[in-house]
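Novice: starting from these lines, generate the structure:
(2 chains)
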Amino acid sequence: MNIIALFKIVPDDTLIKISGNSLDLNVPNKISTYDKNAIEEAVRIKEKHGGKAYGITAGITDRKTIREALAMGLDEVISIDMKEMDVMTTAEAIAEEVNQIKPDIILAGESTTDSSGSVLPSYLAAMLNYPIVSYAKSISIEGDKVKVERNLTTLTEIVEAPMPAVISVVGEINTPRIPTVRQILESAKKPVRSLTFNKAPKVKIVSVSPYVIQRKKIIIEGKMEEAVDKLLSYLRGEGVL
Amino acid sequence: MKVVIYSEDPEIIKVGASYFPNEHTIGITTREVKYADELYLVDRIDEEFISNFIASLKPDVVLVGNSKRDKTIAGYVAGLLKVPIIPEVMDLEGNKAKRVVYSGMGIAEVEFSYPAVIIIGRKEVQVKEKEKIEINKLEVKEGKVKAIEEKSKGEQGVNLSTAEIIVSVGRGIGSKENVKYAEDLANALGAALGGSRPVTAELGWLPEDRQIGLSGNKVKPKLYIALGISGQPQHLAGIKDAKIIVAVNKDKNAPIVENADYTIVGDAIEFCKIMTEKVKNK
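Specialist: Numbers count the residues shown, from 1 in each chain, chains lettered A, B, ... in the order given. Now for the predicted structure:
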């Protein structure tokens, strides 16, 4: 069985700071949060059913972060350098590589922490004419079909789809493993195929500005009784109680 | 321009129509509304089938809502049409849109060309009802993905997106048992009870439909009380429209403090007990 985990390398969202009128994106990179769950699930499926687990990453192609994905258990990574990208060009770049691997399953995180759109998996599925199963919280393979429990916030849906299929996973599907020192060392020997994809995206980012709502930031300390009294008087003054 | 608006949430048809008041609009949704020139009603959702139907209309603009199923359809339609897609748009004017990026920390202004698929959310808009609407029923057939079972989670009737006051719990509340103190406070205030992603989706201390944040419900109450919530970007992104945010946290340096109007430094449970008494006896 061939499995592909799609992962995006992003500036660590928990370290991004707002400085004046701009976002400081000059922070360490990481594998986007839920894409780590996709890698973990790909490795687990491979461990259970055999085969090969590939990773495809597009955009920032930071070697150290790619090593981390390999250390988690991927066998090979295809790294597509893209200076500019939107959902459409990303899907096009990935589709070209998918066609060469002929996978049974393509996994991706439900959304990335940079653009947070959640739409790449279904865009790619439509381009490949594969079925899409989004927001998976458990996946089991039964013959030539895949059975998936979907987390749709207010309801859980169980579906069955033929393979090959594109599946996006939610963070609750698994706990991504932390590679051992040995796995990290061994990851250096694993193949990384690097290529570039240059096509001007049709969606262009004109500017990025911080999204801040100015808050009062009043801190109330001291005994709880008195703190609650103070808070209540503030809230009555605001007219919200 | 041919404008197609799809969402499982009928409210979105109205929002979509507000962006294109002078164009011919085709709405596809689950209940009758008067904001599109042509309306297709669906009684079930198959993402592949509905996507193929939308693509077959050869639209110039496709506006789609932002539920999980809606977003899945938006991506699939854009992939079928091979056109650009702009997710989570908060403002749209001509060929420019504003959207939230970096887990809610930034707003990006983007420029694009039509045809395009655009994902929009609920917001307050003024739209005139159409006088003449053509209503059709769309018989949805199952595609490659077969539905086997559907289970609803949580209780019906808790509507976080319209609640005026929300009491919300995070991991800092300590345990599932302790959630009852927050519930008592919510009852005393006539508030809805919600929670962070860890508490709802990971730990199961509250049903998942109570999740507040970028991946759950986005809320806009007059008063939001965050109990033991540290304030991860993805949570903060869901409460940006709250009028007043109160945080109760032991850690004065937690990110929520920078994003709250009032912070009480202390134990969330002690706060709940005292606050509940005082609210009841006012």
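Novice: okay, CA-based contacts and neighbour counts for the rest of this
Specialist: OK.
Novice: ok, residue B:22 - how many residues close by?
Specialist: 9 (other C-alpha atoms under 10 Å in any protein chain shown).
Novice: correction: the previous question concerned residue B:177.
Specialist: Other residues close to residue B:177 by other C-alpha under 10 Å number 9.
Novice: just give me the longest helix of chain A.
Specialist: helix A:33-49 (DSSP state H).
Novice: mind listing what's buried along that helix?
Specialist: A:33-43, A:45-46 (16 or more other C-alpha atoms under 10 Å in any protein chain shown).
Novice: likewise for stretch B:60-70?
Specialist: Buried residues in stretch B:60-70 (16+ other C-alpha under 10 Å): B:61-70.
Novice: and which of those is nearest chain A?
Specialist: The shortest approach to chain A among those belongs to residue B:68, at 6.3 Å (C-alpha to the nearest C-alpha).
Novice: hmm, back to that, run the contact check for the longest helix of chain A versus chain B.
Specialist: No - residues of helix A:33-49 are not located near chain B by C-alpha under 8 Å from any C-alpha of the partner chain, the shortest gap being 10.9 Å.
Novice: who touches that helix?
Specialist: By C-alpha atoms under 8 Å, 6 or more residues apart in numbering or on different chains, the surrounding residues in contact with helix A:33-49 are A:1, A:3-8, A:52-53, A:55, A:69, A:72-74, A:107-113, A:168-171, A:173-177.
Novice: inside strands: which ones of these?
Specialist: A:3-7, A:52-53, A:55, A:107-109, A:168-169 (DSSP state E).
Novice: nearest spatial neighbour of residue B:276, chain-adjacent residues omitted?
Specialist: Distance criterion C-alpha to C-alpha, 6 or more residues apart in numbering or on different chains; nearest residue to residue B:276, sequence neighbours excluded, is residue B:185 at 4.9 Å.
Novice: what pLDDT does the one you found get?
Specialist: Note for residue B:185: predicted pLDDT of 97.
Novice: how many residues are close by it?
Specialist: Residue B:185 has 23 nearby residues by other C-alpha under 10 Å.
Novice: isn't it right next to residue B:275, touching?
Specialist: Yes - contact criterion C-alpha atoms under 8 Å: residue B:185 and residue B:275 qualify, at 7.0 Å.
Novice: overlap in contacts, those two.
Specialist: With C-alpha under 8 Å, 6+ apart, residue B:185 and residue B:275 have no common neighbours.
Novice: what ranges does chain B have for its helices?
Specialist: B:11-19, B:47-56, B:68-81, B:179-189, B:197, B:233-236, B:255-258, B:268-280.
Novice: sorry, that was for chain A
Specialist: Per DSSP H, chain A carries helices over the ranges A:33-49, A:63-71, A:87-101, A:120-128, A:181-187, A:224-238.
Novice: of those helices, flag the one that's most buried.
Specialist: Greatest average neighbour count among those goes to helix A:120-128 (a mean of 26), per mean count of other C-alpha atoms under 10 Å in any protein chain shown.
Novice: torsion angles phi and psi at residue A:86?
Specialist: Phi and psi for residue A:86, reported as degrees, to the nearest 10, are phi -130, psi -180.
Novice: grab the nearest non-local neighbour of it.
Specialist: residue A:201 (5.5 Å).
Novice: the one you found against residue A:91, yeah?
Specialist: No - using C-alpha under 8 Å as the test, residue A:201 is too far from residue A:91 to be in contact (11.2 Å).
Novice: overlap in contacts of the two?
Specialist: By C-alpha under 8 Å, 6+ apart, residue A:201 and residue A:91 have no common neighbours.
Novice: longest strand anywhere in the chain?
Specialist: Here I'm looking at chain A. Assignment by DSSP E gives strand A:132-142 as the longest strand of chain A.
Novice: other chain: chain B
Specialist: strand B:85-93.
Novice: other SSEs contacting it?
Specialist: Under the contact criterion of 3 or more C-alpha pairs under 8 Å, 6 or more residues apart in numbering or on different chains; DSSP states H and E, strand B:85-93 touches helix B:68-81, strand B:96-101, strand B:116-120.
Novice: ok and the first one relative to strand B:116-120, angle-wise?
Specialist: Our comparison of helix B:68-81 with strand B:116-120, counting by axes from the mean of the first three to the mean of the last three C-alpha atoms, to 10 degrees, yields an angle of 170 degrees.
Novice: repeat that for the second one.
Specialist: Counting by the same axes, to 10 degrees, strand B:96-101 lies at 50 degrees to strand B:116-120.
Novice: got any ranges where the stretch 151-282 of chain B has weak pLDDT?
Specialist: B:153-158 (pLDDT under 70).
Novice: if we can go back for a sec, export the buried residues of helix A:33-49 to CSV and tack on pLDDT?
Specialist: What follows is the buried residues of helix A:33-49, written out as CSV (pLDDT from 0 to 100):
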residue, pLDDT
A:33, 93
A:34, 95
A:35, 98
A:36, 97
A:37, 97
A:38, 98
A:39, 98
A:40, 98
A:41, 98
A:42, 98
A:43, 98
A:45, 98
A:46, 98
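Novice: residues contacting residue A:59?
Specialist: So residue A:59 contacts A:8-9, A:80-85 (C-alpha under 8 Å, 6+ apart).
Novice: hmm, 6 Å instead?
Specialist: A:81-82 (C-alpha atoms under 6 Å, 6 or more residues apart in numbering or on different chains).
Novice: ok, now residue A:135?
Specialist: A:110, A:150-151, A:168-170.
Novice: again with residue B:136
Specialist: Counted by C-alpha under 6 Å, 6+ apart, residue B:136 has contacts residue B:40.
Novice: and it, how far from residue B:27?
Specialist: Noted for residue B:136: a distance of 10 Å to residue B:27, by C-alpha to C-alpha, to the nearest Å.
Novice: how far away is the residue nearest to residue B:276 from residue B:270?
Specialist: In terms of C-alpha to C-alpha, residue B:185 sits 11 Å off from residue B:270.
Novice: before we move on, what about residue B:57?
Specialist: When distance is defined by C-alpha to C-alpha, residue B:57 is 59 Å away from residue B:270.
Novice: then residue B:43?
Specialist: On the measure of C-alpha to C-alpha, residue B:43 and residue B:270 end up 48 Å apart.
Novice: can you check residue B:160 too?
Specialist: 25 Å.
Novice: what about these two, which has more around it?
Specialist: Neighbours were counted for residue B:160 and for residue B:270 using other C-alpha under 10 Å; residue B:160 has more, 22 against 13.
Novice: break chain B into its domains for me.
Specialist: For chain B, the structural domains run B:2-138, B:160-280, going by automatic domain parsing.
Novice: give me the neighbour count for residue A:24.
Specialist: Going by other C-alpha under 10 Å, the residues that sit close to residue A:24 add up to 14.
Novice: hang on, I meant residue B:163
Specialist: Neighbours of residue B:163 using other C-alpha under 10 Å come to 18.
Novice: that older thread, let me know the closest of the buried residues of stretch B:60-70 to residue B:114.
Specialist: residue B:61 (6.8 Å; C-alpha to C-alpha).
Novice: for that closest one, list each beta-bridge partner.
Specialist: Judged by DSSP bridges, the bridge partners of residue B:61 are residue B:3, residue B:116.
Novice: ditto for residue B:227
Specialist: Legend: beta-bridge partners of residue B:227 under DSSP bridges are residue B:169, residue B:248.
Novice: next, the closest residue to residue A:200 other than its chain neighbours: phi, psi?
Specialist: Excluding the flanking residues, the one nearest residue A:200 by C-alpha to C-alpha, 6+ apart is residue A:84, at 6.9 Å. The phi and psi values for residue A:84, taken as degrees, to the nearest 10, are phi -130, psi 150.
Novice: pLDDT score assigned to residue A:84?
Specialist: pLDDT, residue A:84: 94.
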